[in-house]
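> Just a sequence and a predicted model for now, questions to come.
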Amino acid sequence: GKIDRMWVEYYIDGESTPSIAFQPSMMCGLGFPTLAKDFEYSAGGLCGKTAPVGGWSNTFPIPFYKSAVVTVRADPSDGAGCYGGYVSVRG
């Protein structure tokens, strides 16, 4: 689904360009799920997937000094528009 192709971007300490940008499926090493049927991925507890659509998680520490701004956007292949979903950021 579209939520599996979204982009998450981190702007650290006032950056004008994100220093961290990823699609959750690629970040977790499962970018091609149709090729990995019946495959369970483990990043030692730092990354995972808990739902058939979406459900990506990561606990990679991201150090910053003053601020961290996190944005989420649709993949360009999904066209313009607003899509439903949610992202939880803790820190």
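Received, thanks.

> Run a quick neighbour tally on residue 64.
15 (other CB atoms under 10 Å). For every residue, glycine as well, the C-beta is placed using N, CA and C.

> cool, and residue 24?
Count around residue 24 with other CB under 10 Å applied: 23.

> Now for the closest residue in space to residue 59 that isn't next to it in sequence: which residues touch it?
Of all residues not flanking residue 59 in the chain, residue 46 sits nearest, at 5.4 Å (CB to CB, 6 or more residues apart in numbering). Counting by CB atoms under 8 Å, 6 or more residues apart in numbering, residue 46 touches 58, 59, 60.

> for residue 55, same thing?
Contacts of residue 55 (CB under 8 Å, 6+ apart): residue 49.

> got the CA coordinates for stretch 12-28 in CSV?
Extracted in CSV, the C-alpha atoms of stretch 12-28 (Å, rounded to 0.1, in the frame of the first residue of the first chain):
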residue,chain,number,x,y,z
ILE,A,12,18.5,17.9,12.5
ASP,A,13,19.4,21.1,14.3
GLY,A,14,17.9,23.5,11.7
GLU,A,15,19.0,21.7,8.5
SER,A,16,17.4,23.0,5.3
THR,A,17,17.9,19.6,3.7
PRO,A,18,17.2,16.4,5.7
SER,A,19,20.3,14.5,6.7
ILE,A,20,18.2,11.3,7.1
ALA,A,21,15.6,10.3,4.6
PHE,A,22,14.2,6.8,4.1
GLN,A,23,11.3,4.6,3.2
PRO,A,24,10.6,2.4,6.2
SER,A,25,10.5,-0.8,4.2
MET,A,26,14.0,-0.1,2.8
MET,A,27,15.3,1.0,6.1
CYS,A,28,14.2,-2.3,7.7
